[in-house]
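In: next one to model:
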Amino acid sequence: GGTVLTSATIKWSLDGVLQSSYSWSGSLAVGGTGSNIVIGNYNFSPGIIQTLRIWVENPNGGIDLNSANDDISKDISASLCGTYTLGGTNPDFASFSELSTILNNAGITCPVTINVRDGIYNEQFILSNVTGNSFANTITIQGESGDSSLAQIYWANNNFDNNVISFSNIKGITIKDLHLRHNNEYNFSNITDCDSVLFTNCILDQFQLQFNSSTGVSLKNNYFKNNYGYPSVVFNDNANNNEQLSINITNNVIGDSTSTNRGYIQITKGYSNSFKVLIDNNIFSQAGGVSSNLYSSNGYSDTLIVSNNKSIYFNDSYTGSFYIDGTPGNTNRDYIIFKNNDLQGVSMQFYECDSIISNRFVNIHTNDNGIRLIRKGYFANNYIDVSSSGSNDVYGLNIFQNNSPITVAHNSINHTAFAGSAMYVQTDISGGLKVKNNILYTSGGGIPLKAVTQSNVDWDYNCYYNNVGNTLASYNGNNYSSVSALGTVLGSDAN
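Out: Residues are numbered from 1 along each chain as shown. Got it, this is the predicted structure:
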């Protein structure tokens with residue numbers, strides 16, 4: 001109206017049930033507002049969504065000539081605190097959609113646990129900036145039965161949002177004993193800017209679990225399946241936050257062990273952050289493994305330890321290729337260790353890595369390189385088994401680029417390809433190349449060693465065996481059939 005408001009009746013209802021009216025009096029100018037008006041009291045129940053409607057009648061004791069702008073309504077609930085159930089008979093929440101609405105709007109006031117009953121839930125589960133959530137007030141979503149195959153969240157591909165789950169800015173969240181499934185392996189479920197995230201005893205089926213600038217991530221005892229050659233788990237940083245991103249991936253099964261349906265772990269650094277990653281004691285399908293690109297010209301130092309992982313043998317002719325890349329130019333920047341892994345059908349490139357020790361790389365079927373070592377590294381006590389089905393030059397161990405010292409010691413290489421060599425030193429390692437106590441064996445038509453001229457070499461006590469010919473090595477384009485002659489050109493002893 002066009003006059004000062006001095007009185008009115010404020011009415012309100014919950015779920016359509018009228019509550020006690022409130023008689024207001026005061027002085028409110030045209031276009032003015034009033035606040036902090038207590039119209040009544042009501043104890044809302046946590047986990048129950050109720051529709052609150054508020055409207056005004058009898059302005060200045062008369063009739064409101066424009067009632068279209070008199071009311072407002074909103075779905076509200078009390079904050080959660082404690083343990084609740086989802087699905088099944090008489091649950092606290094009928095669906096994940098209902099749970100998301102409560103958490104995202106009402107928040108929590110203490111740690112919250114949701115026990116999910118058995119069943120298939122055809123929906124998404126999306127959380128973002130939950131009020132009251134903290135490292136103390138955590139969120140746990142777990143299958144009530146403890147059997148991850150029985151409680152399943154399933155979301156099919158659409159044109160809008162393909163996340164099965166999506167968490168943003170959540171602290172202290174646990175996903176346990178659940179089956180998470182999509183219908184397309186190339187779709188992502190995103191965990192963004194979260195801290196202290198645990199997935200344990202879950203089945204993650206036909207989608208990529210992607211972490212964006214999230215830290216305190218722990219993946220334990222999960223089964224990643226039906227990735228069809230796409231990554232199972234992806235870690236990225238998405239901004240220059242100068243933060244440390246810690247990741248622990250242990251005791252998982254990644255990929256399907258009875259087929260060529262592989263999955264793998266991918267880590268990519270793009271900004272000024274620091275990754276601290278442990279990948280330990282996981283089982284990969286054949287041709288599954290780990291790829292990392294920690295290259296960054298302005299980033300902080302990174303630590304990557306890949307240890308005690310193994311893959312399951314299935315098919316001699318199936319091989320996957322992966323790379324472990326550190327940052328060049330500062331040899332002390334990144335700390336990268338690859339040790340005690342037993343991998344089937346996996347060819348690897350190691351770039352700016354510190355140590356590659358005590359690994360088995362077997363059943364590598366390739367048309368180029370089994371293992372490639374670039375720029376620096378300590379490569380020791382490894383076994384390489386490489387083969388091919390064509391006439392291309394195939395190399396068991398390819399050593400490439402210079403700049404930093406490289407040591408190759410106490411390795412055994414079984415080369416059964418039709419051409420190429422067990423070891424190939426492709427460039428002059430001017431920073432220093434030490435090659436000692438290795439066994440280089442060929443039986444398919446290749447030769448034990450191929451190398452260009454080296455300017456800084458320490459080469460001794462290696463064993464060369466060619467099962468189908470007399471040539472032991474090709475050095476600077478010249479063939480050698482005796483160890484003593486090879487030792488002369490290498491400047492080493494005749495052994």
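In: assign N242 to helix, strand or coil.
Out: coil (DSSP: H, G, I helix; E, B strand; the rest coil).
In: excluding its backbone neighbours, what's nearest it?
Out: Nearest residue to N242, sequence neighbours excluded (C-beta to C-beta, 6 or more residues apart in numbering): S272, at 5.5 Å. In this view, the C-beta of every residue, glycine as well, is placed from N, C-alpha and C.
In: near that neighbour, how many other residues are there?
Out: 16 (other C-beta atoms under 10 Å).
In: check which helix or strand K11 maps to.
Out: Assessed by DSSP states H and E, K11 sits inside strand 5-14.
In: secondary structure class for the residue nearest to N242?
Out: coil.
In: thought it was touching Q244?
Out: No - with contact defined as C-beta atoms under 8 Å, S272 and Q244 do not form a contacting pair (11.4 Å).
In: so what sits against both of those two?
Out: With contacts taken as C-beta atoms under 8 Å, 6 or more residues apart in numbering, the residues that reach both S272 and Q244 are Y300.
In: where in the stretch 251-400 of the chain is pLDDT low?
Out: The model of the stretch 251-400 of the chain has pLDDT under 70 over residues 258-260, 296-299, 313-317, 328-332.
In: mind redoing it with 80?
Out: Residues of the stretch 251-400 of the chain that meet the criterion pLDDT under 80 lie in 257-261, 286, 295-300, 313-318, 327-333.
In: bridged to the closest residue to G61 other than its chain neighbours, which residues?
Out: Distances taken as C-beta to C-beta, 6+ apart place S7 nearest to G61, at 6.2 Å, with adjacent residues excluded. Beta-bridge pairing for S7 (DSSP bridges): S25.
In: please report the distance of S7 from R53.
Out: Using C-beta to C-beta, to the nearest Å, we find S7 at a distance of 21 Å from R53.
In: returning to that earlier point: ramachandran coordinates for the residue nearest to N242?
Out: phi -80, psi 70 (degrees, to the nearest 10).
In: how near is it to N238?
Out: 12 Å.
In: ok, now V217?
Out: Distance, V217 to N238, by C-beta to C-beta: 14 Å.
In: these two: who's more crowded?
Out: A direct count of neighbours by other C-beta under 10 Å for V217 and N238 places V217 higher, at 22 against 14.
In: quick one: what helix or strand has that one in it?
Out: Secondary structure assignment for V217, by DSSP H and E: strand 215-220.
In: what's in contact with that strand?
Out: Contacts of strand 215-220 (C-beta under 8 Å, 6+ apart): 191, 194-201, 211, 233, 235, 243-252.
In: among those residues, which lie within strands?
Out: Of the contacts of strand 215-220, the ones assigned to strands by DSSP state E are 191, 195-200, 211, 233, 235, 244-250.
In: out of those residues, which are buried?
Out: With neighbours counted by 16 or more other C-beta atoms under 10 Å, the ones in strands among the contacts of strand 215-220 contain buried members at 191, 195-200, 211, 233, 235, 245-247, 249-250.
In: which single one of those residues is nearest to D147?
Out: D147 has its nearest neighbour among those in T200, at 13.7 Å by C-beta to C-beta.
In: check contacts around that closest one.
Out: So T200 contacts 174-177, 218-222 (C-beta under 8 Å, 6+ apart).
In: of all those, which two lie farthest apart?
Out: D177 and S218 (15.2 Å).
In: can you pull out the helices in the protein?
Out: 96-106, 483-490 (DSSP state H).
In: and the first one, what does it pack onto?
Out: Read that as helix 96-106. strand 71-76, strand 80-86, strand 125-128 (3 or more C-beta pairs under 8 Å, 6 or more residues apart in numbering; DSSP states H and E).
In: flag every buried residue along that helix.
Out: Under 16+ other C-beta under 10 Å, the buried positions of helix 96-106 are 96, 98-103, 106.
In: okay, those residues in a markdown table with distance to D428 and pLDDT next?
Out: Below are the buried residues of helix 96-106 laid out as a markdown table (distance: C-beta to C-beta, whole Å; pLDDT from 0 to 100):
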| residue | distance to D428 | pLDDT |
| --- | --- | --- |
| F96 | 60 | 97 |
| E98 | 67 | 93 |
| L99 | 63 | 96 |
| S100 | 60 | 96 |
| T101 | 65 | 93 |
| I102 | 66 | 94 |
| L103 | 61 | 96 |
| A106 | 67 | 93 |
